[in-house]
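S.K.: got a predicted structure plus its sequence, pasted below:
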Amino acid sequence: MNLTKSKPGECKIVWILPEGHLGLPKSLEAMGVGVYRLRSHSRTAPFRSNRGGILAWDWRRTGEQTERCIETLIDSLNELPASTEGVPVVVSGSEALAERLSRSLCRPVHWLSIGGYGATDPKAVWASWLAGSPSVSIELTLCRDGGCRKHFGRRELRTHPSSPAITQMALLGASLALVEPLTLAEGAGSCSTSERALASSTNCSRIQSWSRPVHVSLRIAAKTLLNRLTRGNRLADQWVIGVGEMGPASAKASLPGVPQFRDLHWIEPGAHRFIADPFLARLGETKTLFFEELLYSDWKGRLKALPLDSYGRPVGPEVIVLEKPYHLSYPCVFEHPSDPDAIFLLPEQAASGNTVLYRSPRATKPSLLRFEQDTVLLPGLPGIDPGIVEWGKQFYLFVTNGSYGNVDNNLQLFVSENLRGPYKPHPKNPIKLGLYGSRMAGPLLVHAGNLYRPAQDCKSAYGARVILHRVGLLSPTEYRETEVGIFAPDTSSPYGLGSHTVVWHEGLVATDGLRRIAHP
């Protein structure tokens, strides 16, 4: 759920950054972020994106530095407007600066950091990027009385292969999910005006280190050149769906399993599209595959259905069951006895800004389905890969909040007494953080009396493999799960570069695999 737009001139958050640090995207102004640049407290050489050199070029190509928030230069905290008294404060300079400000303001200060550096320090992601780390995190820490101790939250994103600048700007955008919950309730302390002053003494010494910037510049140049040389192959990622039988042994096993990729029937999509996110349901006497189709020509997903035989092989034409002006994927289909004449569809439609439930009258074949919007379950939440399960007379909605580019790194849980809501946030939210095992990878499954949650491992790459969790405790107030299995794609298979969905239904199992093809 995005920050409510502020009224003109209204300041909901005070954001303080030192001289020499990066500016913030202009989009923050609409959210009521007042940016104050504190002079004379920099330990970083001033950053200028309009200067020459590879580092400056890397920042210019992000596109984010062309328009920045309007900033107010201040020499001390006494220059902050009186109207900001009690407004939450975010500091993206050094930890020492955040601790110093928490003492001077006599109220909590939130330090935003990347790898121990202030989040707007141009060097913040260099160490992780040079080390080849697949991901990097941005963290928010609560500082009180001169000490930064309480971890407030974090968001993890994959590193860009050739640009530390793009990596850092994506992290700054993702951090808005951390900044958003800050409220005025944290308040201010009581201390005199003289104690609030932060003296503008002589400039701190600036770090003049040439080895690290040169190293980063050379690595950017090398990786950018390599990307441009290999781009001539014009390879495109293509997801393909495989369906097969579970087999008697799998049906009786304590854990649900997935057949070897070589034992699945793979549905060839052609070179003009990919098909992914398989779900299974029964329409009349026919098992039916629901899936996302994305055409490379418009890069916009729509939802289709395909009838299958008892072995999981197609026996009829594909049919579009839902298409919108925006991207759709993850067609989570299910039935519920409260409405026996219906089949429900809960897709990903994060581009619309809402999480929406659709309903169709029960049909005997895909061409007869007529899905219409039934209920907006989570208004204002751009839900990614949502799924509902009824457990203990409660309905639980699992979903990733895709706000601010956080598409793979969090899992939220909502609870209701009714299928159509209203849904309330679970008190343990977010119930999962990080690129490993947060985002859903198919519907929840009840197997041998236990509840299982498949999730994606997106740490090294999007949709690298599927992680299976057993849900040990699920109630309106508690949640606990344990990792019990990993479904890694068969690397010897033509589709073995990734897998990010798995579903079990009436003796069939469906998954998706990734390959690369010549771009059409």
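M.R.: Alright, I've got the coordinates.
S.K.: tell me the contacts of the nearest residue to residue 349 once chain neighbours are set aside?
M.R.: The shortest distance from residue 349 to any residue other than its chain neighbours is 5.5 Å, reached at residue 328 (C-beta to C-beta, 6 or more residues apart in numbering). Heads up, the C-betas are built off the backbone N, CA and C, glycines and all. Shown in contact with residue 328 (C-beta atoms under 8 Å, 6 or more residues apart in numbering): 292, 301-303, 322, 347-349.
S.K.: can you find the helix or strand in the chain with the smallest mean pLDDT?
M.R.: helix 193-196 (a mean of 32; mean pLDDT, DSSP states H and E).
S.K.: find me the pLDDT at the residue nearest to residue 349, would you?
M.R.: The confidence metric pLDDT takes the value 98 at residue 328.
S.K.: what are the phi and psi angles of it?
M.R.: Backbone torsions of residue 328, given as degrees, to the nearest 10, read phi -130, psi 150.
S.K.: this protein: helices as residue ranges?
M.R.: For the chain, the helices defined by DSSP state H cover 54-60, 95-105, 126-130, 164-174, 176-179, 193-196, 211-230, 248-252.
S.K.: looking at those, which has the lowest confidence?
M.R.: Ranked by mean pLDDT, those end with helix 193-196 at the bottom, a mean of 32.
S.K.: show me how the chain divides into domains.
M.R.: Domain assignment for the chain by automatic domain parsing gives 13-187+207-230, 234-518.
S.K.: and these, which one is worst for confidence?
M.R.: domain 13-187+207-230 (a mean of 80).
S.K.: stretch 78-86: which residues count as buried?
M.R.: Within stretch 78-86, the residues that count as buried by 16 or more other C-beta atoms under 10 Å are 80, 84.
S.K.: so how far is it from its chain's centroid?
M.R.: Relative to its parent chain, stretch 78-86 has a centroid offset of 34 Å by C-alpha atoms, centre = their mean, to the nearest Å.
S.K.: and if you look at stretch 25-36?
M.R.: Centre-to-centre, stretch 25-36 and its host chain are 22 Å apart (C-alpha atoms, centre = their mean).
S.K.: end to end, how far does it reach?
M.R.: 14 Å (C-alpha to C-alpha, to the nearest Å).
S.K.: quick check: bridge partners of the spatially closest residue to residue 451 that is not a sequence neighbour?
M.R.: Spatial nearest neighbour of residue 451, excluding adjacent residues (C-beta to C-beta, 6+ apart): residue 471 at 4.2 Å. With DSSP bridges as the criterion, residue 471 is bridged to residue 451, residue 481.
S.K.: confirm for me that residue 471 is in contact with residue 480.
M.R.: Yes - the criterion here is C-beta atoms under 8 Å, and residue 471 meets it with residue 480 at 7.5 Å.
S.K.: which one of those two has more residues nearby?
M.R.: Neighbour comparison, residue 471 and residue 480: the larger count goes to residue 471, with 19 against 13 (by other C-beta atoms under 10 Å).
S.K.: report the contact partners of the more buried one.
M.R.: Residues near residue 471 by C-beta under 8 Å, 6+ apart: 444, 450-453, 479-481.
S.K.: can you put the residues you listed in TSV and add distance to residue 390?
M.R.: Shown next, in TSV, are these (distance: C-beta to C-beta, whole Å):
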residue	distance to residue 390
444	10
450	15
451	11
452	15
453	14
479	16
480	19
481	17
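S.K.: of all those, which comes closest to residue 500?
M.R.: residue 453 (14.1 Å; C-beta to C-beta).
S.K.: gap between the closest one and residue 391?
M.R.: Distance from residue 453 to residue 391, counting by C-beta to C-beta, to the nearest Å: 11 Å.
S.K.: likewise for residue 341?
M.R.: Distance, residue 341 to residue 391, by C-beta to C-beta: 24 Å.
S.K.: tell me which of the two has more neighbours.
M.R.: Using other C-beta under 10 Å, the more surrounded residue of residue 341 and residue 391 is residue 391, with 13 against 9.
S.K.: quick check: nearest residue in space to residue 284, chain neighbours excluded?
M.R.: Going by C-beta to C-beta, 6+ apart, residue 284 has residue 364 as its nearest residue, at 3.3 Å.
S.K.: just checking, the one you found touches residue 288?
M.R.: No - contact criterion C-beta under 8 Å: residue 364 and residue 288 do not qualify, at 10.1 Å.
S.K.: of these two, which one has the most company?
M.R.: For residue 364 versus residue 288, neighbours defined as other C-beta under 10 Å are more numerous around residue 288 (24 against 11).
S.K.: quickly list what that one is bridged to.
M.R.: With DSSP bridges as the rule, residue 288 is bridged to residue 281, residue 307.
S.K.: isn't it up against residue 309?
M.R.: No - checked against C-beta under 8 Å, the pair residue 288 and residue 309 is beyond contact range at 11.1 Å.
S.K.: how about the strands in the stretch 201-350 of the chain?
M.R.: 235-245, 265-267, 273-283, 286-295, 301-308, 319-322, 329-334, 342-348 (DSSP state E, counting those that start in this stretch).
S.K.: and the third one with strand 235-245, angle?
M.R.: Looking back up the chat, that one is strand 273-283. Interaxial angle, strand 273-283 versus strand 235-245 (axes from the mean of the first three to the mean of the last three C-alpha atoms, to 10 degrees): 20 degrees.
S.K.: quick one: strand 273-283 to strand 286-295, angle?
M.R.: 160 degrees.
S.K.: got the contact list for residue 407?
M.R.: Residue 407 makes contact with 350, 384, 400, 439 under the criterion C-beta under 8 Å, 6+ apart.
S.K.: repeat the analysis, applying 6 Å as the threshold.
M.R.: Applying C-beta atoms under 6 Å, 6 or more residues apart in numbering, one finds that residue 407 lies in contact with residue 384.
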